[in-house]
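Undergrad: sequence plus the predicted model coming up.
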Amino acid sequence: MKALPRDKKWAFTPVAKVGDVVVAGDTLGTVPEGVFTHRIMVPFRLLGKWTVESVAAAGEHVVEDVVAKLKNDKGETQDVTMVQTWPVKMPIKAFEERLRPSKPLTMQQRIIDTFFPVMQGGTFCTPGPFGAGKTVLQQLMSRYADVDIVILAACGERAGEVVETLREFPELIDPRTGKSLMERTLIICNTSSMPVAAREASVYTGVTLAEYYRQMGLNVLLLADSTSRWAQALREMSGRLEEIPGEEAFPAYLESVIAAFYERGGVVRLKDGSTGSVTICGSVSPAGGNFEEPVTQATLKVVGAFLGLSRERSDQRRFPAIHPLDSWSKYEGIIDSKKVAEARHILANGVDVNNMMKVVGEEGTSIDDFVIYLKSEYLDAVYLQQDAYNEIDAACSAERQKYVFDKVYTILKTPMKFSEKDVARTFFLKLTQSTKDWNRVKFDSQEFKDLEQSIFASVKEVSANA
């Protein structure tokens, strides 16, 4: 079965002219494809400079029609069609230079954008045990990430999960275009029942497609789910080739293979001056949630951000279930890093007080320590957690995040005075509910402003400086 229909006609518009000198990756013409303009490029395998001998006129063509003829200095000619072929295990390098990722990739998930940011063209991983919410988190990233194209590489997933994705995505509305999410999504279906060689090739297919669209100046997000099953396929292939096994029978070269995969992400400047990027997210499924196993450890050595999903937070229904203390990011985010560090310090202190209360009981804890614990729970409930089923709270824009974090940070830094612990608990329960209601209201609306005034009026009543 051919990957592209050979009988469908596409509206080709030439860009290059006869006599133009072109190199691999240069645009010869364009074809409208859904919400995008698809570039017909000089084949990536061609070396050196080529002269355009002829180019097809504007009109409808099938993908196997010759749309341009090229000739090099040696007199060799090359017919160009609208079909590109490329070996998936080789990176596409038809660009001018590789750039350092500098622009934050907004996911509209507060815990990611504020605490563990990801850069456009960066790499990150989401390890977590079964049932921790990896698939739902990936769906949220697909819908709200600030990218042009999303590629889902389902590597060795259960058939039911792949079918569920295929059923749900066409019904989801893309907030960027107002059309079906499938208009800008590619899904590579590779189930656990498929041959080992196909499972091993699936993530390479995904990253090659990502690089192909990057060559058109687009920003692409690749979600590989899961790289653990990809590594298991590598282990099976290695065993059949009778190679010397490494740790847990994985091939000895596992780390270099994983590193080479993530290195295919990045931001590049193309030869026409435009930029494109590939951001790679690897979903790791370690057995029993053990982050010490080889695949997770090899991944952590090369990625720029680690969003560790926690079974404990998932069981407590704290979604997204990203652990706020175990996770980390090497990238700069949209919020002042000093304020973020202070907020994480409050979360860590709250965990310490909670652990202490499990030993000595609430009655053995001072009211000051108890308030620290309540503040950390408040930050967790109103900022780290989001309601994926609420239209407004499911996605929080960068502008809203900056505003809300500044207000929550002010509340956390406000010294508070309470007569007893029950009074403090009651206050924070009401404050948490009010702030959650605030999160579900449209930003900058009158109701948003009224709720904000109400929240700060209640905080002022318990302030030690009041």
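TA: Sure thing, it's come through.
Undergrad: residues of the helix or strand in which R167 is found that come out buried?
TA: R167 is located in helix 159-168, with elements delineated by DSSP states H and E. For helix 159-168, the neighbour count (16 or more other C-beta atoms under 10 Å) marks 162, 165 as buried. (Each C-beta comes from the backbone N, C-alpha and C, glycine too.)
Undergrad: what of stretch 386-401?
TA: So for stretch 386-401, counting by 16+ other C-beta under 10 Å, buried means 386, 388, 393-396, 398, 400-401.
Undergrad: residues in contact with that stretch?
TA: Residues outside stretch 386-401 that contact it (C-beta atoms under 8 Å, 6 or more residues apart in numbering) are 104, 106, 108-111, 113-114, 136, 140, 143-144, 175, 319-320, 334-335, 404, 439-443.
Undergrad: if we go to 7 Å?
TA: 106, 108-110, 113-114, 136, 140, 144, 175, 319-320, 334, 439-443 (C-beta atoms under 7 Å, 6 or more residues apart in numbering).
Undergrad: distance from it to the middle of the chain?
TA: 16 Å (C-alpha atoms, centre = their mean, to the nearest Å).
Undergrad: same question, stretch 413-430
TA: Distance, centroid of stretch 413-430 to centroid of chain: 38 Å (C-alpha atoms, centre = their mean).
Undergrad: could I get the average pLDDT for it?
TA: Across stretch 413-430, pLDDT averages out at 95.
Undergrad: and that stretch, how far apart are its ends?
TA: 18 Å (C-alpha to C-alpha, to the nearest Å).
Undergrad: any buried residues in that stretch, and which?
TA: Buried, per 16+ other C-beta under 10 Å, within stretch 413-430: 414, 416, 418, 421, 424-425, 427-428.
Undergrad: reformat those as JSON lines; add distance to E377 and secondary structure.
TA: Converted to JSON lines, the buried residues of stretch 413-430 look like this (distance: C-beta to C-beta, whole Å; DSSP: H, G, I helix; E, B strand; the rest coil):
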{"residue": "T414", "distance to E377": "16", "secondary structure": "coil"}
{"residue": "M416", "distance to E377": "14", "secondary structure": "strand"}
{"residue": "F418", "distance to E377": "15", "secondary structure": "coil"}
{"residue": "K421", "distance to E377": "13", "secondary structure": "helix"}
{"residue": "A424", "distance to E377": "11", "secondary structure": "helix"}
{"residue": "R425", "distance to E377": "10", "secondary structure": "helix"}
{"residue": "F427", "distance to E377": "12", "secondary structure": "helix"}
{"residue": "F428", "distance to E377": "7", "secondary structure": "helix"}
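Undergrad: looking at those, which one is closest to V83?
TA: Of all those, V83 sits closest to F428, with 61.6 Å by C-beta to C-beta.
Undergrad: quick one: E60 from V67, how far?
TA: 11 Å (C-beta to C-beta, to the nearest Å).
Undergrad: more crowded one of those two?
TA: Taking other C-beta atoms under 10 Å, E60 and V67 do not tie; V67 has more neighbours (23 against 11).
Undergrad: number of residues surrounding the residue nearest to that one when sequence neighbours are not counted?
TA: Closest residue in space to V67, ignoring its immediate chain neighbours: A56 at 4.3 Å, by C-beta to C-beta, 6 or more residues apart in numbering. Counted with other C-beta under 10 Å, the neighbours of A56 add up to 19.
Undergrad: got the contact list for A56?
TA: 12, 14, 67-68.
Undergrad: again, but for P129
TA: Taking C-beta under 7 Å, 6+ apart, one finds 288-289, 311 in contact with P129.
Undergrad: buried ones among the residues you listed?
TA: Here, 16+ other C-beta under 10 Å leaves 289, 311 buried among those.
Undergrad: and the contacts of P129 as CSV, adding pLDDT?
TA: Putting those into CSV (pLDDT from 0 to 100) gives the following:
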residue, pLDDT
G288, 77
G289, 79
R311, 89
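Undergrad: now, the contacts of P129 that are in strands?
TA: Among these, no member falls in strands (DSSP state E).
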